[in-house]
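Colleague: what follows is a predicted protein model with its sequence.
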Amino acid sequence: MSQPVEDSGLMSRIYNKQQNEEEIKRITTRNKIGFACAGPPSQLMLTSVGFFFGGVFLLEVAQISPAKVTIIVFSGRVWDALTDPVVGYFVSMTQAKQPSLRKWVIYSLPLLVISYMLLWAVPPFPEVGLVAFYTVVYLFFQTAFTSITVPMATIIMYITNHQPDRDTTMAIRMTMEAFSVILSVAIVSVVVMLIGESQQVECAMAADALAQVSPAILTSWRVAYLVAAAWISLVTMGFVFLFYFLSDETQYYQECNDPIEHASFKSFLLNFVEAFKFKPFQILSSSAMFLFLGLQQAQTNLILYFKIVLQRLDSYSWYLLGALVTGVLTIPLWQLLLLKVKKKDAYTIGCTVLATPLLAMMFITHKTSDWVVIPGVVVAGVGIGSAYLYPWSMLPDVIADYNRTTEKRIDGLFYSVFVFFQKLAMGLAAGASQIVMSNSGYQNQMCYQSAETVLALRILMAIVPVFFIVIAIVIIRFYELQQPTYTEKKLEAAKEAKKLEKDKQPLVPDQTG
């Protein structure tokens, strides 16, 4: 018979050591709701741009050639390379003097909304003029977007220093972000279906394989995308105002800034190098970039895959919404998994789940039954849930580890660099896709495409994303914090207590014989 563990408070003493080292600052309900509202604004716009702007709107609606779409997208990503770290640096500098995160958000909102609306307008310019127009507007949009998302992400470090609180709050925010992805896709899809006329029906009625979509359908699509952008802008403004009035960065501001020195006297370049030299951040940001690259590669080509390979353009929204809803519903389950395994192990499991259905897309055809496609969509949704949660849940742990190790705070720079990698992945995926599509013989507004284009889409939707996700898995296996987190201490305490209880069990003598 096993003996009870002698000290019932053993686990508490082990994993509560962190509380004895520093005063815990718990998050308030108001701040938790406010921080949760920081997720939807970025995802509402980022999702619509990622799914529809480069891969569909510019190609099919604005009728810009794939090569010139690459110029627009890459220009935006090069600009991101400048704005993300620079904005992060200035956010850290202004925050070192006084609470300023919410001011960054509210002052950047008008430029964000105006530039986002202009992205979906089609002025009566020739193709060269359209390229110039969308490039300039895209640069303004990226600047405003960065000026809002970096402060919104950074504020988590100023509302609590309790790691379990950060985890649960981040899980709530990631759930809200995943919900916003669904909402963004739903708004665009529903508006386009209600206002835009069916391209699939017209193509099915065309006997000529070289038939093109009519100007009337093209006009209806232009109106539909502009109306959808207006709705997304309204919802985004609502969440930004909720964030502004509910979040309070002053509650723990003094505790965050007094004992830990801000590196305000250092140059931007030195701060950037210092952040990226931190090994846990190197590993996490590199792995996350490849994960985002795989996700974005599939996301960029998804609509064209449904249109050209599966020939189910009118129903792609239901498949996409099914995957995203599954992702939202499984985020709490992925969060519960962290009670059993370390974050890097859960991250690995999630990536593996995501890669499996993506690989299967290489072999699916337009003749494949829905009863085969739907389970794959569900499994993909489960993997998407983990991809939304784990990278952003691990980043605050890395920043807290850096703060304890170096006694300096450059939180805004960490978040801006991390966001930069996410956007860089989007740019690389979109740009590479357009180059491949152009070389495969893709033609705008054609009802049917060549066999080379079909094969190119299969590779872009299956082989390439899985390749990047495998790289992300390999990199994350080297992830280790210099100081274990609260949750890791708790897991180790549970293992130690279980081992101690097992050691207390008396040996049972062999009575056979």
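Modeller: Arrived safely. Residues are numbered from 1 along each chain as shown.
Colleague: got the residue ranges for the strands in the stretch 201-350 of the chain?
Modeller: Here the stretch 201-350 of the chain has its strands, by DSSP state E, counting those that start in this stretch, at 261-262.
Colleague: do a quick rundown of the helices in it.
Modeller: Taking DSSP state H, counting those that start in this stretch to define them, one finds helices in the stretch 201-350 of the chain at 215-246, 253-257, 268-277, 279-304, 316-337, 343-360.
Colleague: who are the packing partners of the longest one?
Modeller: Counting contacts by 3 or more CB pairs under 8 Å, 6 or more residues apart in numbering; DSSP states H and E, helix 215-246 packs against helix 29-36, helix 39-48, helix 101-119, helix 163-195, helix 199-205. All C-beta spots, glycine's among them, are computed from the backbone N, C-alpha and C.
Colleague: mean pLDDT for these: which is lowest?
Modeller: Mean pLDDT per stretch puts helix 199-205 lowest among these, at a mean of 52.
Colleague: quick one: the helices in the stretch 351-500 of the chain?
Modeller: So, for the stretch 351-500 of the chain - with DSSP H, counting those that start in this stretch - the helices run 370-406, 411-439, 451-461, 463-476, 486-504.
Colleague: got any ranges where this protein has weak pLDDT?
Modeller: 1-27, 81, 95-100, 156-166, 196-214, 248-268, 313-314, 412, 444-447, 482-513 (pLDDT under 70).
Colleague: need the contact list for the residue sitting nearest the centre point of the chain.
Modeller: For the chain, Tyr388 is the residue whose C-alpha lies nearest the centre (CA atoms, centre = their mean; 5.5 Å). Contacts for Tyr388 were tallied using CB atoms under 8 Å, 6 or more residues apart in numbering; they are 174, 177-178, 181, 327, 331.
Colleague: roughly how far does it sit from Leu337?
Modeller: Going from Tyr388 to Leu337 by CB to CB, to the nearest Å gives 14 Å.
Colleague: what of Ala462?
Modeller: 26 Å.
Colleague: and Asp397, by the same measure?
Modeller: 16 Å.
Colleague: the more surrounded of these two?
Modeller: Asp397 (24 against 18; other CB atoms under 10 Å).
Colleague: wait, doesn't that one sit right on Tyr479?
Modeller: No. If you go by CB atoms under 8 Å, Asp397 and Tyr479 don't touch, sitting 9.9 Å apart.
Colleague: can I get stretch 395-407 in PDB? Just the C-alpha atoms.
Modeller: The C-alpha coordinates for stretch 395-407 follow below in PDB (Å, rounded to 0.1, in the frame of the first residue of the first chain):
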ATOM      1  CA  LEU A 395       6.300  35.300 -27.000                       C
ATOM      2  CA  PRO A 396       5.400  36.900 -23.600                       C
ATOM      3  CA  ASP A 397       7.400  34.100 -21.900                       C
ATOM      4  CA  VAL A 398      10.400  35.000 -24.100                       C
ATOM      5  CA  ILE A 399      10.100  38.700 -23.300                       C
ATOM      6  CA  ALA A 400       9.700  38.100 -19.600                       C
ATOM      7  CA  ASP A 401      12.800  35.800 -19.700                       C
ATOM      8  CA  TYR A 402      14.800  38.600 -21.400                       C
ATOM      9  CA  ASN A 403      13.600  41.100 -18.800                       C
ATOM     10  CA  ARG A 404      14.700  39.000 -15.900                       C
ATOM     11  CA  THR A 405      18.000  38.000 -17.500                       C
ATOM     12  CA  THR A 406      19.100  41.500 -18.700                       C
ATOM     13  CA  GLU A 407      17.100  43.800 -16.500                       C
END
